[in-house]
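A.B. asks: With the input below, show me the fold.
(one chain, ligands or ions: 2)
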Amino acid sequence: MDKKYTDLQKRILELKAERNALIFAHNYQRIEIQEIADFTGDSLQLAQKSAEITGYDLIVFSGVRFMAEMAAVLSNGVPVYIPDPGALCPLAAYANPEKLRKKKEEYPGAPVVVYMNTTTETKTETDRICTSGSAIEVVESLGAETVLFGPDANLAEYVRRHTDIEIIDIEPRGHCYVHNQFDIAQLMLLKEEYPDAITIAHPECPPEVQEAADIIGSTGMMVQAIENSPNDTFIIATEMGLIQQLQKAHPDKKILPVWEGAICRQMKKHTLEKIIRVLEELPEENLVTVSEELAVEIMTVLEQMNKLKGQGPAKKVVTETAKISL
Ligand code: 13P
Ligand code: SF4
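C.D. replies: Numbers count the residues shown, from 1 in each chain. Ligands and ions are numbered 1, 2, ... in the order given. Below is the predicted model:
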C-alpha cells in the first residue's frame, strides 16, 4: 500500500475494501479524512452522488448529520453510517416547523425554501430544499413573486441580491457561527496586500464580505473556480477544511484564508479513529435512519432539487488584473 498514508489511514483503506464501503467527506472535513475519501464535495454534490451509488454495501458519511440523512434518503437502500452522530449544524436550530407554520400564516400562498442545514422535521414543512450551490436556481424554479427562505439570513440576502423575487426571512437572526464571523476589515487588508488576487466567499458570509468578493459560491464552486482559473492567487472566505484541500491540490497557487480561525467544530467531530470504529463494528447508533414517512416527503422535495444542476458562481468579475475563466 502507498507509503504516503498513515497507519490509521491504511487501516481504513483495508476495512473499506473488506466491507465494500465508500467514504464520503464534505469539503470541511479534516484533511486526513479527505485524503482517504472516495468522494469529497459540497452538500449538493454529496447528495447527488449518494443517489448514483450502486454495487456498494455501505457508505460512511463524514459531514454534518443533515447531510448524512439526505444521503440515507437518496442512497437507494445502501446503509449510511456517520462516524460521530453528534455532528449537528447549529444553524438548524433557527428554523423549526412551528416557526415555519407561523410565517406561512403571515404570507399565505408564498412557497417555502429551506437550506439543507435544517432538521428533517423542518424539511417536511417546506416546498423545496436547497443547498448553497442550488439556492438561486431552486428559488427561481418556483415561479413565485414572494418566497419564504431560511434559516440562514446571509444566504437569504445572497438570493435576494441575485433574483427579482421578494425573499422573506424565516428567521432574520439565523446564521452560521463560522461564516458570520468573517470580517470585512480583515478581508480588505488582504485585498490591499494581494491586489491581483481573486476573492471567493461563501454565501453564508455577511453581505459586506460577499459584496467585496469577485465570486460567491458553494464550496464545490470554489473548487471548480480555482481549478479553471489561470490566476495564481486566491483569497478565500470559508472554513479551513476547504482551504487545506485547495492548498494541497494547488501547491503552485497561493490560497489565502481570510481568517484561519474559521473552523467548524461540528464538522471536525469526525476523526479517523471514529471511522475505523464504524467500519469495524457497524454500531447501531452510527447508522443514519430517517423514518419511512419523512423519507417519502423529503424525497419529493429533494427530487426537485436533484433535477437541478446547481447554478454557477453568482458573481463573475473580470478585471484587468484578475482574469477568471469559468
Ligand atoms: P456547501 O454546500 O457550500 O458545501 O456548504 C455547506 C455548509 O455547511 C457551509 O457552511
Ligand atoms: Fe453548519 Fe456553519 Fe458548520 Fe456549515 S460551517 S456545518 S453552516 S456550522
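A.B. asks: mind listing the helices for the protein?
C.D. replies: Taking DSSP state H as the criterion, the chain contains helices spanning 7-19, 31-36, 43-52, 65-74, 97-106, 120-123, 135-141, 153-162, 184-193, 207-211, 219-228, 240-249, 272-281, 292-307.
A.B. asks: Present these as a markdown table; the columns should include mean neighbour count.
C.D. replies: Just so you know, the C-beta spots here come from the backbone N, C-alpha and C atoms, and that holds for glycine as well. Rendered in a markdown table, the data for the helices of the chain read as follows (neighbours: other C-beta atoms under 10 Å):
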| stretch | mean neighbour count |
| --- | --- |
| helix 7-19 | 15 |
| helix 31-36 | 19 |
| helix 43-52 | 22 |
| helix 65-74 | 25 |
| helix 97-106 | 14 |
| helix 120-123 | 21 |
| helix 135-141 | 22 |
| helix 153-162 | 22 |
| helix 184-193 | 14 |
| helix 207-211 | 18 |
| helix 219-228 | 20 |
| helix 240-249 | 20 |
| helix 272-281 | 18 |
| helix 292-307 | 15 |
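A.B. asks: Of those helices, which shows the lowest average pLDDT?
C.D. replies: Per-segment mean pLDDT for the helices of the chain reaches its minimum on helix 292-307, at a mean of 72.
A.B. asks: re earlier: any chance of the helices of the chain in CSV, plus distance to ligand 1?
C.D. replies: As requested, the helices of the chain are arranged in CSV below (distance: least, C-beta to the nearest ligand atom, whole Å):
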stretch, distance to ligand 1
helix 7-19, 23
helix 31-36, 13
helix 43-52, 3
helix 65-74, 8
helix 97-106, 20
helix 120-123, 15
helix 135-141, 10
helix 153-162, 9
helix 184-193, 17
helix 207-211, 13
helix 219-228, 4
helix 240-249, 8
helix 272-281, 19
helix 292-307, 12
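A.B. asks: And these: which comes nearest Val258?
C.D. replies: Smallest distance to Val258 across the helices of the chain (C-beta to C-beta): 5.1 Å, for helix 184-193.
A.B. asks: what does the closest one contact?
C.D. replies: Defining contact as C-beta atoms under 8 Å, 6 or more residues apart in numbering, one finds that helix 184-193 is touched by Ala197, Thr199, Pro206, Glu208, Val209, Ala212, Ile235, Ala237, Leu256, Val258, Trp259.
A.B. asks: Mind checking the helices of the chain for the one nearest to Gln266?
C.D. replies: The closest approach between Gln266 and any of the helices of the chain, judged by C-beta to C-beta, belongs to helix 65-74 at 8.6 Å.
A.B. asks: Output that closest one as PDB - backbone C-alpha positions only.
C.D. replies: Output in PDB follows, covering the C-alpha atoms of helix 65-74 (Å, rounded to 0.1, in the frame of the first residue of the first chain):
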ATOM      1  CA  ARG A  65     -25.900  14.900  10.300                       C
ATOM      2  CA  PHE A  66     -28.500  16.500   8.000                       C
ATOM      3  CA  MET A  67     -26.200  15.900   5.000                       C
ATOM      4  CA  ALA A  68     -25.900  12.200   6.100                       C
ATOM      5  CA  GLU A  69     -29.700  12.000   6.400                       C
ATOM      6  CA  MET A  70     -30.000  13.300   2.900                       C
ATOM      7  CA  ALA A  71     -27.600  10.600   1.700                       C
ATOM      8  CA  ALA A  72     -29.600   8.000   3.600                       C
ATOM      9  CA  VAL A  73     -32.800   9.100   1.900                       C
ATOM     10  CA  LEU A  74     -31.200   9.100  -1.500                       C
END
